[in-house]
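Asker: No letters, just coordinates:
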């Protein structure tokens, strides 16, 4: 699946991933390929992008935003500047 992490005016990540975990408002959520479509707000926390099995994920600190998944694309639009 494709994962895209964006802030206003810039792309922080755009590429293939095995899965992605993120701080949804209901708690940590994980998206795998073929997941049902969704859209949800995010709390501050860490997006973890798993690029290779058995390897540590890419970790992005976020202050919140909106997460969506449709047609094998996971998109994250972040609020403000992330660290």
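Answerer: Here it is on my side, so go on. Computed from a prediction, not measured in an experiment: that's the story for all the values here. Numbering: from 1, shown residues only.
Asker: so which strand or helix has the residue lying farthest from the centre of the chain?
Answerer: No residue in the chain sits farther from the centre than residue 54, which is 18.9 Å out by Cα atoms, centre = their mean. In this structure, residue 54 sits in neither a helix nor a strand according to DSSP states H and E.
Asker: Show me the shaky parts of this protein.
Answerer: Applying pLDDT under 70 to the chain flags residues 81-83.
Asker: partners of residue 16 in the sheet?
Answerer: Taking DSSP bridges as the rule, residue 16 bridges to residue 2.
Asker: Tell me how many other residues crowd the closest residue to residue 76 other than its chain neighbours.
Answerer: Spatial nearest neighbour of residue 76, excluding adjacent residues (Cβ to Cβ, 6 or more residues apart in numbering): residue 5 at 4.6 Å. The C-beta positions use only the backbone N, C-alpha and C, and glycine is treated the same way. Around residue 5 there are 25 other residues, counting by other Cβ atoms under 10 Å.
Asker: ok, now residue 6?
Answerer: Using other Cβ under 10 Å, residue 6 has 15 other residues around it.
Asker: ok, it touching residue 77?
Answerer: Yes - contact criterion Cβ atoms under 8 Å: residue 6 and residue 77 qualify, at 5.5 Å.
Asker: which parts of the host helix or strand of residue 67 are buried?
Answerer: Residue 67 belongs to strand 65-70 when assigned by DSSP H and E. By 16 or more other Cβ atoms under 10 Å, the buried positions in strand 65-70 come out as 65, 67, 69.
Asker: same deal with stretch 14-24?
Answerer: Buried residues in stretch 14-24, defined by neighbour count with 16+ other Cβ under 10 Å: 17, 19, 20, 21, 22, 23, 24.
Asker: Would you check that the residue nearest to residue 76 makes contact with residue 22?
Answerer: No - using Cβ under 8 Å, residue 5 makes no contact with residue 22, being 9.4 Å away.
Asker: quick one on the thing from earlier: which of the buried residues of strand 65-70 sits closest to residue 37?
Answerer: residue 69 (6.1 Å; Cβ to Cβ).
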